[in-house]
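In: Prediction below, plus the sequence it came from.
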Amino acid sequence: MFLCLKAILLLLISQHVTAVEFPIQITEYLDDKRIMVSINESDIDETSSWNPESGSPPLTIVGAMSAVRKQIASDVTAPVAEFLEIELKQIPHHPQHWHYLVKMMNRHGGEQIPSYFVVLMNAKVVPALPRPEPLR
């Protein structure tokens, strides 16, 4: 009887548990730098699929650059940055889903600091981080 009551109580409590989505880790390379980014699977699913043989991508390079500029403008502490490089890449293990990998150079004081962003085809901007190569 006690075990049955315990099982019913567990079922009642578990109805209010919400699912947690863990982001997927994507590793890209740009200028021989390893770049890491965490993206939610749902964010990838919300983007338009695209086949390069079917025509232009859903988001143009100008659109991707505009999305990054908008993201940077929302951060009042961000230094002035200029675009250095942008590449169109397929999202690993997600056929028909692509993203732009953007490299910018921030000028802060006398220093030049690179920053990286991933821009999904729905113009969502996700900051990316350079990571050193693992020791072998």
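Out: Perfect, thanks for sending it. Numbers count the residues shown, from 1 in each chain.

In: Isn't Pro23 up against Ser42?
Out: No: using C-beta atoms under 8 Å, Pro23 is not in contact with Ser42, being 9.7 Å away. Every residue, glycine included, has its C-beta placed from N, CA and C.

In: between those two, which one's more packed in?
Out: A count of neighbours by other C-beta atoms under 10 Å puts Pro23 above the other of Pro23 and Ser42, at 13 against 9.

In: pLDDT value on the more buried one, please?
Out: According to the prediction, Pro23 has pLDDT 85.

In: Please list all residues in contact with it.
Out: The neighbours of Pro23, taking C-beta atoms under 8 Å, 6 or more residues apart in numbering as the test, are Ser38, Ile39, Asn40, Glu41.

In: Low-confidence ranges, this structure, go.
Out: For the chain, the stretches with pLDDT under 70 are 1-20, 76-80, 133-136.

In: please redo it, this time with the cut-off set to 80
Out: For the chain, residues meeting the criterion pLDDT under 80 lie at 1-22, 31-32, 74-81, 107-110, 132-136.

In: ranges for the strands of it?
Out: If you assign secondary structure with DSSP state E, the strands in the chain sit at 24-30, 33-39, 80-90, 98-108, 111-120, 125-131.

In: Using JSON lines, lay out those together with distance to Ile72 and mean neighbour count.
Out: Formatted as JSON lines, these follow (distance: least, C-beta to C-beta, whole Å; neighbours: other C-beta atoms under 10 Å):
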{"stretch": "strand 24-30", "distance to Ile72": "18", "mean neighbour count": "15"}
{"stretch": "strand 33-39", "distance to Ile72": "17", "mean neighbour count": "16"}
{"stretch": "strand 80-90", "distance to Ile72": "6", "mean neighbour count": "14"}
{"stretch": "strand 98-108", "distance to Ile72": "8", "mean neighbour count": "19"}
{"stretch": "strand 111-120", "distance to Ile72": "9", "mean neighbour count": "18"}
{"stretch": "strand 125-131", "distance to Ile72": "9", "mean neighbour count": "15"}
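
In: between those strands, which one is nearest to Thr47?
Out: Taking C-beta to C-beta as the criterion, Thr47 comes closest to strand 111-120 out of these, the separation being 4.7 Å.
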